[in-house]
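Visitor: 3D model of this:
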Amino acid sequence: MPEGPAPVDWQGQPLDCGACDHRALLGQGQCGPAWACLQDRYAPRIRRFFVLNPELADDCLSSPYFETRMNAAQVATLFRLPPLLQDPDPAVRSMALLRLPAAQSRGLMRDPDRGVRIAVAHRLPPGDLSPLVQDADSAVRAVVARRAEPGLLPLLQSDPDPEVRGAVADRIAEASLDRFVLDPDPQVRRRAARRRPGPFVADPDIRVRHAVAEAAGPDILRRLLDDAEDIIRQTAAERLAAPEDRDASR
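Guide: Below is the predicted model of the structure:
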């Protein structure tokens, strides 16, 4: 079924199926105007064309239109993809590195486009992520914090971005969580408190203390029975009354 904008080529000109090199596919139901078309500017139609005709992808990797190159790269033969790591468009570079062996991603660690570097951070093995710890973009560093080997996490514990620090708090060794007591962001402290409640029992933020009440053992829960907030006292009392929560304090 036709959908999306009016069919035009990547330069905005009307499409002419009769002038297309692949016009024979039209009669075979392998393409169609406003539906599945290699020449169309609308990316979903290009994508559908390669789903129907993947064998043509290798010949389209040098197309002047980046959407065509990117969608061709999704299904093209792998050994044809390395040149696309130097493609002028970041979307094409990202698609190539996501399909190629991870080792080939190392050359794009300093790519000028943040989206490419995010793809690199997702693609590389955890042990190879250390060069990205100092990346200028916090989204890249956040991926590193979620994927890197534990020994690398202390390097990100004081990151200026709270989402990065929060990801570190989710994974770093419990013995290192005390340092988050002084973190300026209560959401970061809350994530640390879920794993090691004790240091956060007197936190000034109710959200952090509530996380303590949800995760702590009996000794700490008894201290929270005198908390200034009703919800904290109630949560602590309910957990103390529940047999399954009568474990050792943390």
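Visitor: Domain ranges for the chain, per the record?
Guide: With domains defined by automatic domain parsing, the chain comprises 1-79, 101-172, 182-250.
Visitor: Could you dump these into a markdown table and include mean neighbour count and distance to D89?
Guide: C-beta here means a position set from N, CA and C on the backbone, and glycine is covered the same way. Formatted as a markdown table, the entries for those read as follows, by neighbours: other Cβ atoms under 10 Å; distance: least, Cβ to Cβ, whole Å:
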| stretch | mean neighbour count | distance to D89 |
| --- | --- | --- |
| domain 1-79 | 16 | 4 |
| domain 101-172 | 18 | 9 |
| domain 182-250 | 17 | 36 |
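Visitor: Select, out of the ones you listed, the one closest to P90.
Guide: Distances from P90 to each of those were compared by Cβ to Cβ, and the smallest falls on domain 101-172, at 3.6 Å.
Visitor: Between the two ends of the closest one, how far is it?
Guide: Across its full length, domain 101-172 reaches 29 Å between end residues, using Cα to Cα, to the nearest Å.
Visitor: cool, stretch 23-43 as well?
Guide: One end of stretch 23-43 to the other measures 19 Å (Cα to Cα).
Visitor: so who does R41 touch?
Guide: By Cβ atoms under 8 Å, 6 or more residues apart in numbering, the contact set of R41 is 5, 8-10, 12, 65, 67.
Visitor: Give me the subset of these lying in helices.
Guide: Taking DSSP state H, the ones among the contacts of R41 that sit in helices are E67.
Visitor: Need the contacts of R41 in CSV (columns: distance to Q28 and pLDDT).
Guide: Output for these, formatted as CSV (distance: Cβ to Cβ, whole Å; pLDDT from 0 to 100):
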residue, distance to Q28, pLDDT
P5, 25, 91
V8, 24, 95
D9, 22, 95
W10, 24, 95
G12, 28, 95
Y65, 24, 97
E67, 24, 97
